[in-house]
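**Q** Starting from these lines, generate the structure:
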Amino acid sequence: QGCMPRVMPNAEILAELKILKVDEIGDEKRINELNLQSPRPLNEAKELVEEGRLRAKDHFIKKNFAKAIQIYQKVLQIIELAQTKDEHEESEKVKLSTKFLINLALSYNMNDQPKKTIGTIAEIEKICNIDDQSRVLFIKGKALRLLGEYKEALVALKKAQHLAPNDKAVLEELEKLNIG
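**A** Residues are numbered from 1 along each chain as shown. Model (predicted):
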């Protein structure tokens, strides 16, 4: 409709914006200042976990893997200390731990720390079976390849390929092993 007489109907408008402030995602300062020794109810912990997830993801996207690793480690401590009131919450806590351990393993891989990746995968395997998780198998296979454990890498990557036959990352890792 425009705003007659200054702006004609259907007129194109060019606006210049000045950015005054950029807020980072999640409250990293709050996470860094936490007393990680004090347990808290799972519901309260989940709020902190989500803030940590957002900050770690932001660092990961910016390829600051070392910082993402730091935050994932703190988040895992928060989850570990969280108090549950029933089996449902305990199950939720296990799912959260698994999710963040996977992200930590991936971050270690991206930060060229395959031994730590394998250690983290071992922690995941204590919680759940990874044979039906193509992403975890891929992370494990890549770390094993980087460690020169080619036969074990092939086993993990072939399992990942079976679960996700069109996954480009898996296919590229298999190609690096010179096996298609």
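**Q** Can you name every helix or strand that the strand or helix carrying residue 58 contacts?
**A** Take DSSP states H and E as the rule and residue 58 turns out to sit in helix 42-61. Packed against helix 42-61 by the contact rule (3 or more CB pairs under 8 Å, 6 or more residues apart in numbering; DSSP states H and E) you find helix 28-32, helix 65-81, helix 87-110. All C-beta spots, glycine's among them, are computed from the backbone N, C-alpha and C.
**Q** what is the mean pLDDT for the last one?
**A** Read that as helix 87-110. The average of the pLDDT scores along helix 87-110 is 97.
**Q** same deal with the shortest one?
**A** Here the mean pLDDT over helix 28-32 is 62, rounded to a whole number.
**Q** Tell me which residues of stretch 116-132 come out buried.
**A** Of the residues in stretch 116-132, 116, 117, 118, 120, 121, 124, 130 count as buried by neighbour count, 16 or more other CB atoms under 10 Å.
**Q** ok, now stretch 47-55?
**A** Neighbour-count burial for stretch 47-55 flags 48, 49, 51, 52, 53, 54, 55 (criterion: 16+ other CB under 10 Å).
**Q** Just name the closest of the residues you listed to residue 165, please.
**A** Here the nearest of those to residue 165, counting by CB to CB, is residue 53; it sits at 29.5 Å.
**Q** Residue 139 versus the residue most central in space within the chain, what's the distance?
**A** For the chain, the residue nearest the mean C-alpha position is residue 103 (3.2 Å; CA atoms, centre = their mean). Spatial separation of residue 103 from residue 139 under the definition CB to CB, to the nearest Å is 10 Å.
**Q** hmm, back to that, unless I'm mixing things up, the residue nearest to the centre of the chain is touching residue 54, no?
**A** No - look at residue 103 against residue 54 with CB atoms under 8 Å: they stay out of range, at 12.0 Å.
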